[in-house]
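Chemist: Pasting the sequence and the predicted coordinates here, then a few questions.
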Amino acid sequence: MTRRTLPPVLLLALLAAFGGPGRAEAKLRVVSTLEDFAALATAIGGERVDALSLAKGYQDPHFVDAKPSFILQLSRADLLIVAGLELEIGYLPPMLDQSRNEKIRPGSRGYLDASEGCEILGRPSQPVTRAMGDVHPYGNPHYWIDPENGRQIARSIAARLTELDPAGRSDYATNLAAFEIRLNEKEKVWTSRMAPFKGLRIVTFHDSWPNFARRFELVVAAQIEPKPGIPPSPTHTLEVIQQIEAEKIPVILVEPYFDRKTPDFIAAKSGAVVVPFYPSVGGLPEIRDYFSLFDHNVEAFVTAMKGRG
Amino acid sequence: MNRAQIAAGALAALLLVPSPGRAGTDNDEVATLSALVAKLAAQVEALSAQVAEQGEQLRRLSSQPPVEATQAATPQPPPPAAPATAAGGNYFNPSISLIGNFLAVGGHTPIEGLPSSDLRESELGLQAVVDPYARADFFLSFGEEGVDVEEGYLTFTQLPADLLVKVGRQRAAFGKINGLHLHTLPWPDEPLTTVNLLGGEEGWIGTGVSVSRLLPLGNLFSEATVQVFRGDAEGLFEARRRQDLAYNGHYRLFADLTEATNLDVGLSYGYGPNGITETSSTSLAGLDLTLRWKPLRTGLYRSAIVRGELIASRRHGEGGSDDRLGWFLSGEYQLARRWSVGARYELADAVDAPERVDRGQALLVTFSPTEFSQLRAEIRRRFYAQHGTALEGLLQLQFAIGAHGAHPF
């Protein structure tokens, strides 16, 4: 063996000496990009699945770092649930390649795009350019914040889990039925609580709430971002203040990962109130599942509106 | 006049034509019939207008894509994989992107330095899945004086034993910085470690095969990579014979220390012919460390990175060997959503006089209007051991168009 062939041989021997990541697990390993999908997978899969999320509920889902530790989690996954609509385009594709896990590649049974079958709003009806800001050409990706879309996602998850784990068919069906019964009951409560505010005009920081607003018949009159993903400018901030004053808009909804400085300034000048609104499970410790996500937001909205509007 | 109007007119005309058997009818009867006919004609006219309007609506609906306002609350089919086009001919075309990198430089330098202004690089990226087993990534680098294939490789993503294989021209996985494209560097220029020890500003780019494998240590990410390249790399390796090859080995360990903090450590070893004699070689060893802090809740506005790299080089020749050493330490702090500041200290043995040391310091300010454009200013002071001191200001403008794939972390 020559001196030049020694280093690669040694390195290859080192490679061979280590074992690959173990895959043999009794439970289905579900990895989702959002905590909402992990919560739904847990609700449907029960004891038959281990579900975890890459992004945290209090993190901006548009800007998630492609950490190598995620690659390891993906390499061990049996099912990957994504929001789709290019929400994860900034970090997921290279990690999927590096995961070496053919089971969860797009097109395979272990890859579930949760947007399938959901009501997607904001699909552009004309060509998009980046002059419009960080627009999503396939539609607004914040669709899960709508109980009816939550129902559809739960059904999709149940169907896919059944496909991957036929032995759990009855468990998944039972859990799905229980989920839907509870969702029906909760929807009545949420709808009743939000009923007094039908047609109310609101301001949001980012365009995260079209589905929520549509479901509860609110009207998003303006956004603090002049365009999606573009930080507020002084001119636009002034316009929003004037609009709030002119239209007597009572609330500004702000996601937990945005700086409160501009919303608080607008609120102070216009008389509106800033309401922290959580787009995902895990945004607060008490938002543990899909139901408590709406419980919290609906109650926060109702509380903020007391004595207003 | 449309078909419905013609029909209404014809009907009215038909009704107004006197019936042969009714000749001699009195005037009152004629007047009554005329009024009835007029009323019917008006109704027919209104109905024809309504039919025409509905026909027009149908034509409009069939010729327009569905819009949000018309969407029903019923489940919808999944979105198409690409925006619908009239022909659909772009469906399988690769993602195309172009990244421009303009650099303006002022100040004085004792060496042949960067020009006063330069469209230093325009990186054209072409990326697509080839088939169920592989994807292809091409990055063509256009300078003002020519074009170069910076990288062009096929990645086999579905191999057994958790292997990932890349075949083609690619940046060597030696250290952290060498693997980065120019537009992803945290500075507008390359550090002295790259320039003095890895063959020049381009760094080490090889043509050959790369094999990497995940080697998890419990829940810690760990990966080993072995690369075998042709024995030529500009300024670094030179092969006299076809069988003279260059090799690189890289080991990476990544740990999440907390939710917001992580540590990335890499060890590298490179080896290749240097062309001084038929059997002489250059070996390289490297250590890279990156410590990141980015709180998840406020990560849009605050983050920090400290990174450093140490590279040792041993160049064998006829009269023995030259040992060289270099390192840099750099830090960036994001102080607002669009603003960050940074600093770098660098030191490396000189290219032609390994017993002497080049060193430099730099301060940076970066403004990023969006994730697709960036303006960066750097003031750097470099002491070149053989030539003297340079004090320069660099202003870099970078911008991206098209769908550029995400870069590895």
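Modeler: Yes, it's here.
Chemist: How about the contacts made by the residue of the stretch 301-409 of chain B found nearest chain A?
Modeler: The nearest approach of the stretch 301-409 of chain B to chain A comes at residue B:409, 4.4 Å away (CB to the nearest CB). All C-beta spots, glycine's among them, are computed from the backbone N, C-alpha and C. Contacts of residue B:409 were listed using CB atoms under 8 Å, 6 or more residues apart in numbering or on different chains, and they are A:65-68, B:264.
Chemist: Which one of the residues you listed is nearest to residue B:348?
Modeler: Of all the contacts of residue B:409, residue B:348 sits closest to residue B:264, with 21.9 Å by CB to CB.
Chemist: host element of the closest one?
Modeler: For residue B:264, the host element (DSSP states H and E) is strand B:261-273.
Chemist: and the helix or strand just after that strand, is it in reach of chain A?
Modeler: Sequence order places strand B:281-293 as the next helix or strand after strand B:261-273, per DSSP H and E. Yes: looking at strand B:281-293 against chain A by CB under 8 Å from any CB of the partner chain, the contacts come from residue B:281.
Chemist: now strand B:281-293: mean pLDDT?
Modeler: Computed over strand B:281-293, the mean pLDDT rounds to 98.
Chemist: residues of it that come out buried?
Modeler: Going by neighbour count (16 or more other CB atoms under 10 Å in any protein chain shown), the buried part of strand B:281-293 is B:281-286, B:288, B:290-293.
Chemist: who's in contact with it?
Modeler: Here strand B:281-293 makes contact (CB under 8 Å, 6+ apart) with A:3-4, B:174-177, B:197-198, B:236-237, B:260-274, B:303-316.
Chemist: Identify the residues contacting the closest residue to residue A:283 other than its chain neighbours.
Modeler: Using CB to CB, 6 or more residues apart in numbering or on different chains and skipping the chain neighbours, the partner closest in space to residue A:283 is residue A:57 (4.2 Å). Residues near residue A:57 by CB under 8 Å, 6+ apart: A:34-36, A:278, A:280-284, A:287.
Chemist: what's the farthest-apart pair in those residues?
Modeler: By the measure CB to CB, A:34 and A:284 form the most distant pair in the contacts of residue A:57, at 15.4 Å.
Chemist: Looking at these two, which one has more neighbours?
Modeler: The neighbour comparison of residue A:34 against residue A:284 (other CB atoms under 10 Å in any protein chain shown) goes to residue A:34, with 28 against 15.
Chemist: That one is in contact with residue A:144, isn't it?
Modeler: Yes: using CB atoms under 8 Å, residue A:34 is in contact with residue A:144, at 7.2 Å.
Chemist: Overlap in contacts, these two.
Modeler: Common contacts of residue A:34 and residue A:144 (CB under 8 Å, 6+ apart): residue A:83.
Chemist: Contacts for stretch B:316-327, please.
Modeler: Stretch B:316-327 has contacts (CB under 8 Å, 6+ apart) with B:192-193, B:196-197, B:274, B:276-277, B:280-283, B:308-315, B:346-349, B:354.
Chemist: which of the residues in that stretch are buried?
Modeler: Neighbour count says stretch B:316-327 has B:316, B:322, B:324-327 buried, by 16+ other CB under 10 Å.
Chemist: Check the contacts of strand B:281-293 for burial and list the buried ones.
Modeler: For the contacts of strand B:281-293, a burial check counting by 16+ other CB under 10 Å picks out A:4, B:174-177, B:197-198, B:236-237, B:260, B:262, B:264-266, B:268-274, B:303-305, B:307-313, B:315-316.
Chemist: Please identify the helix or strand for residue A:189.
Modeler: If you go by DSSP H and E, residue A:189 is part of helix A:169-194.
Chemist: Remind me what that helix packs against, helices and strands.
Modeler: helix A:35-45, helix A:147-164, helix A:290-305 (3 or more CB pairs under 8 Å, 6 or more residues apart in numbering or on different chains; DSSP states H and E).
Chemist: Highest mean neighbour count out of those helices?
Modeler: Across the helices and strands packed on helix A:169-194, averaging neighbours per residue (mean count of other CB atoms under 10 Å in any protein chain shown) puts helix A:35-45 on top, at a mean of 27.
Chemist: Mean confidence (pLDDT) on that one, please.
Modeler: The model assigns helix A:35-45 a mean pLDDT of 98.
Chemist: how far does it sit from the chain's center?
Modeler: The chain centre lies 12 Å from the centre of helix A:35-45; the measure is CA atoms, centre = their mean, to the nearest Å.
Chemist: strands paired with the strand holding residue B:264, and their directions?
Modeler: If you go by DSSP bridges, strand B:261-273 pairs up with strand B:245-256 (antiparallel), strand B:281-293 (antiparallel).
Chemist: Any chance of a markdown table for the helices and strands packed on helix A:169-194, columns distance to chain B?
Modeler: Below are those laid out as a markdown table (distance: least, CB to the nearest CB, whole Å):
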| stretch | distance to chain B |
| --- | --- |
| helix A:35-45 | 12 |
| helix A:147-164 | 6 |
| helix A:290-305 | 16 |
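Chemist: need those helices in TSV with distance to residue B:207, can you?
Modeler: Below are the helices and strands packed on helix A:169-194 laid out as TSV (distance: least, CB to CB, whole Å):
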stretch	distance to residue B:207
helix A:35-45	42
helix A:147-164	41
helix A:290-305	51
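Chemist: what's near enough to touch the residue nearest the centre of chain A?
Modeler: Centroid-nearest residue in chain A, with CA atoms, centre = their mean: residue A:34, separated by 4.8 Å. Neighbouring residues of residue A:34 by CB under 8 Å, 6+ apart: A:53, A:55, A:57, A:61, A:83, A:144, A:280-281.
Chemist: go again using 6 Å as the cut-off
Modeler: When contacts are counted by CB atoms under 6 Å, 6 or more residues apart in numbering or on different chains, residue A:34 touches A:53, A:55, A:83, A:280.
Chemist: so where's the stretch 151-300 of chain A uncertain?
Modeler: Low-confidence segments of the stretch 151-300 of chain A (pLDDT under 70): none present.
Chemist: Run through the residues that contact residue 254.
Modeler: I went with chain A, as the question did not name one. Counting by CB under 6 Å, 6+ apart, residue A:254 makes contact with A:205, A:263, A:274, A:276.
Chemist: My question was about chain B, not that one.
Modeler: With contacts defined as CB under 6 Å, 6+ apart, the neighbours of residue B:254 are A:68, B:221, B:264.
Chemist: Show me the beta-bridge partners of it.
Modeler: Going by DSSP bridges, residue B:254 forms beta bridges with residue B:221, residue B:264.
Chemist: do residue B:96 as well
Modeler: Bridge pairing for residue B:96 - DSSP bridges - gives residue B:126.
Chemist: Is it in contact with residue B:402, as I believe?
Modeler: Yes: the criterion here is CB atoms under 6 Å, and residue B:96 meets it with residue B:402 at 4.9 Å.
Chemist: per-residue confidence for residue B:159?
Modeler: 92.
Chemist: can you tell me if stretch A:114-126 touches chain B.
Modeler: Yes: using CB under 6 Å from any CB of the partner chain, stretch A:114-126 reaches chain B at A:116-117, A:121, A:125.
Chemist: In ChimeraX, how would I select the buried members of those?
Modeler: Buried residues among the residues of stretch A:114-126 next to chain B (16+ other CB under 10 Å), as a ChimeraX selection:
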select /A:116,117,121
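Chemist: part of a helix, is residue B:242?
Modeler: No: in this structure, residue B:242 is coil, not part of a helix, as judged by DSSP: H, G, I helix; E, B strand; the rest coil.
Chemist: burial count for it?
Modeler: Neighbours of residue B:242 (other CB under 10 Å): 8.
Chemist: Please list the members of the buried residues of stretch B:316-327 that lie in helices.
Modeler: Taking DSSP state H, every one of the buried residues of stretch B:316-327 sits outside helices.
Chemist: Can I get those residues in CSV including pLDDT?
Modeler: As requested, those are exported to CSV (pLDDT from 0 to 100):
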residue, pLDDT
B:316, 93
B:322, 91
B:324, 94
B:325, 96
B:326, 97
B:327, 98
